[in-house]
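Engineer: how would this look folded up:
(one chain, ligands or ions: 1)
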Amino acid sequence: MNQDELKQIVGREAVNYIQDGMTVGLGTGSTVKHLVEALGKRVQTENLNIVGVPTSNRTAKRAKELGITIKDIDQVDHIDLTIDGADQIDEHYQGIKGGGIAHLREKIVAINSRKNIWIVDESKLTKQLGSFPLPVEVIPYGSQQLFKKFKKRGYNPKFRMDGDRFILTHSKNYIIDLGLGKIGDPHKLAKNLKDMTGVVEHGLFLDIVNTIIVGHANGTEVIKAR
Ligand SMILES: O=C(CO)[C@H](O)[C@H](O)COP(=O)(O)O
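Structural biologist: Numbers count the residues shown, from 1 in each chain. Next up is the predicted model:
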């Protein structure tokens, strides 16, 4: 099975965790895309009453096309369950997200959800976080100064660019990816980043996920994280 097929099997499996009447946070990315397709099918064939809370315009657009009712996070009373992808997950089930620049909305939706499920292909599992560059969303104003501070700290920063243009997030901010190699203490790093003025949100998702569905060549594995 190739990577996209592994993403497809976990997306299809995760849809079974959604029950009629639920308000569901819908993540972003190529794995979640398969979940949204599968959910669209269920909504149409089983006439389910589901409200989706999308974490990106991409997800919202596809969900709407498939007939899934979409609401903004501030229009719902609660979120029963959020299903999202991840860029890297370590042995303590801490994660890096934001490869698709949606981690600010993804984190807001995740921390307001009763349960969180991550769906990943096996390549996302690692012993220690850090080989995937850590995305940090920053306010454009003063971002060059912040960049210099990251550099001084040895974070090996890189602006996320599209040619010579800064890529903008949903909130019209920039992304700086930190090439850390290894993250020894994710909680400490998270706090250090949060304390820096101009940082909006980093891609460390700590103590958030409850269940992880991993796609392996021989089938899916369900991990109860917390
Ligand atoms: O955090 C994310 C977007 O901000 C995605 O969940 C993450 O990048 C995984 O994406 P994919 O499923 O395409 O591998």
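Engineer: could you use CA atoms for every contact and neighbour count after this?
Structural biologist: Noted.
Engineer: show me which residues of this structure sit near the ligand.
Structural biologist: 28-32, 84-87, 97-103 (C-alpha under 6 Å from any ligand atom).
Engineer: can you say which of those residues are buried?
Structural biologist: 28-29, 31-32, 84-87, 97-99, 101-103 (16 or more other C-alpha atoms under 10 Å).
Engineer: mind naming the longest helix for the protein?
Structural biologist: Using DSSP state H, we find that the single longest helix of the chain is helix 30-46.
Engineer: same question for the helix or strand Glu201 falls within, mean pLDDT?
Structural biologist: In this assignment (DSSP states H and E), Glu201 forms part of strand 199-202. Across strand 199-202, pLDDT averages out at 98.
Engineer: can you check stretch 108-122 too?
Structural biologist: The model assigns stretch 108-122 a mean pLDDT of 98.
Engineer: elements contacting the helix or strand just after the strand holding Glu201?
Structural biologist: Per DSSP H and E, the first helix or strand lying C-terminal to strand 199-202 is strand 204-205. Secondary-structure packing of strand 204-205 (3 or more C-alpha pairs under 8 Å, 6 or more residues apart in numbering; DSSP states H and E): strand 95-96.
Engineer: what lines up beside the strand it packs on in the sheet?
Structural biologist: strand 88-89 (antiparallel), strand 204-205 (antiparallel) (DSSP bridges).
Engineer: show the contacting residues for the spatially most central residue of the chain.
Structural biologist: Taking C-alpha atoms, centre = their mean, the centroid of the chain lies closest to Lys97, which sits 4.6 Å from it. With contact set as C-alpha atoms under 8 Å, 6 or more residues apart in numbering, Lys97 has these partners: Gly85, Ala86, Asp87, Gln88, His103, Leu134, Pro135, Gly203, Leu204, Phe205.
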